[in-house]
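[1] the amino acid sequence is not available; the structure is as follows:
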């Protein structure tokens, strides 16, 4: 089964879908030759999973392409003054990574 990449797909996705189609044809041929053993079922499941993963990647890439085209509004900027804070602001705060101050 050959799938086509999404509308924003690339030649890399087209090539991946062609390669996966070839892989699935080979797996079907091997399955016909060796039967439905547990090892063969694992290979079939792996080939199906690869196709599903590439489908997801193709969808994600399409969404990323669409998201990149949208202009994001910047958030309102908050001005933080350079003035010193009141020492009471820091009264109960420990120094990060150094441990607490002696409270004696």
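    Received the coordinates, thanks. Keep in mind that what you see is a predicted model, and the values were worked out from it rather than measured.
[2] check which helix or strand residue 83 maps to.
    Remark: residue 83 resides in no helix or strand, with elements defined by DSSP states H and E.
[3] and it, what pLDDT?
    On pLDDT, residue 83 comes in at 86.
[4] what's the answer for residue 99, then?
    Residue 99 is given a pLDDT of 58.
[5] and what of residue 104?
    If you check residue 104, the pLDDT there is 56.
[6] any idea how far residue 62 is from residue 55?
    Using C-beta to C-beta, to the nearest Å, one obtains 11 Å as the distance from residue 62 to residue 55. Any C-beta I mention is one placed from the backbone N, CA and C, and that applies to glycine too.
[7] ditto for residue 19
    Per C-beta to C-beta, residue 19 is found 14 Å from residue 55.
[8] equivalent analysis for residue 28, please.
    Going from residue 28 to residue 55 by C-beta to C-beta gives 19 Å.
[9] swap in residue 14?
    Per C-beta to C-beta, residue 14 is found 13 Å from residue 55.
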